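K.L.:
Quick one: sequence plus predicted model below, questions after.
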Amino acid sequence: MRAGRILIARIKLALPVTLVLVGLLVAGALSPLGDDEGRAIEEELRKLGRDSLELEIFLNNFSVALLSAIPFLGPLILGYVIFHTGRFLGWVLAQSGIPPSLGIPLTLLLIFLTGYGIFEFMGYGILAAESLMISYYILRARQLLRRELKMLLIIVLISAALLALGAIIEAAFIRSQEEVIEALGI
């Protein structure tokens, strides 16, 4: 029962953390990458294997999530990665001829309507929230640190499950987009 209450507390903390991450993505989208940097990232994304796309997406996202679990620095690293991802998204929108005024609503739609964004951001948010709690316990309540480290494994597993589900949905979304583009001859 005690673990259940702690888990609910972590999920409650993960919600505002997730909203901050969404805000960082939107802020990044409003300051897009330069053309050279955007094209370099686009080229790296094209190299992803299509046969194991779900696994590659999951491994990339899970490695970022694990970095966010580092006490003190993890949430800052995650914030930088999310902001930089937003900058790439802003570059993609600019390349598509979409005006910056539509960047915020389109970014939010991408997160919420595709479905995978919700799972990814919650997967990131719950581990970043755990990192904040561990950091707090290191500074203020060392007697609770051992208990929190036991919870870390559960939180990592929940994050992995959320990110895996997000990766499956994202890969399906990417494949469907490619099929539409191919069918239209674009």
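P.N.:
Great, that's in hand.

K.L.:
so how far is Ile11 from Gly103?
P.N.:
29 Å (Cβ to Cβ, to the nearest Å). Using the backbone N, CA and C atoms, a C-beta is placed for each residue, glycine as well.

K.L.:
Can you pick out the residue with more neighbours from the two?
P.N.:
Remark: of Gly103 and Ile11, Gly103 carries more neighbours, 21 against 16, as counted by other Cβ atoms under 10 Å.

K.L.:
Least confident secondary structure element in this structure?
P.N.:
helix 103-113 (a mean of 84; mean pLDDT, DSSP states H and E).

K.L.:
Low-confidence stretches in this structure?
P.N.:
1, 49-50, 186 (pLDDT under 70).

K.L.:
the inter-axis angle of the longest helix belonging to it versus helix 103-113?
P.N.:
As assigned by DSSP state H, the longest helix anywhere in the chain is helix 145-184. Interaxial angle, helix 145-184 versus helix 103-113 (axes from the mean of the first three to the mean of the last three Cα atoms, to 10 degrees): 100 degrees.

K.L.:
So which other helices or strands are in contact with helix 145-184?
P.N.:
Packed against helix 145-184 by the contact rule (3 or more Cβ pairs under 8 Å, 6 or more residues apart in numbering; DSSP states H and E) you find helix 2-29, helix 53-68, helix 116-140.

K.L.:
Out of the ones you listed, which one sits most buried?
P.N.:
Among these, helix 116-140 has the highest mean neighbour count (mean count of other Cβ atoms under 10 Å), at a mean of 22.

K.L.:
could you give the angle of it to helix 145-184?
P.N.:
160 degrees.

K.L.:
Any idea how far helix 116-140 is from the middle of the chain?
P.N.:
12 Å (Cα atoms, centre = their mean, to the nearest Å).

K.L.:
Stretch 76-93 too?
P.N.:
10 Å.

K.L.:
Pull out the buried positions in that stretch.
P.N.:
77-79, 81-93 (16 or more other Cβ atoms under 10 Å).

K.L.:
Quick one: mark the members of the residues you listed that sit in helices.
P.N.:
Reading helices off the buried residues of stretch 76-93 with DSSP H, I get 77-79, 81-93.

K.L.:
what's stretch 155-172 in contact with?
P.N.:
7, 10, 53-55, 57-58, 61-62, 65-66, 69, 114-120, 122-124, 126-127, 130 (Cβ atoms under 8 Å, 6 or more residues apart in numbering).

K.L.:
what comes up buried for that stretch?
P.N.:
For stretch 155-172, using 16+ other Cβ under 10 Å, the buried residues are 155-156, 158-160, 162-171.
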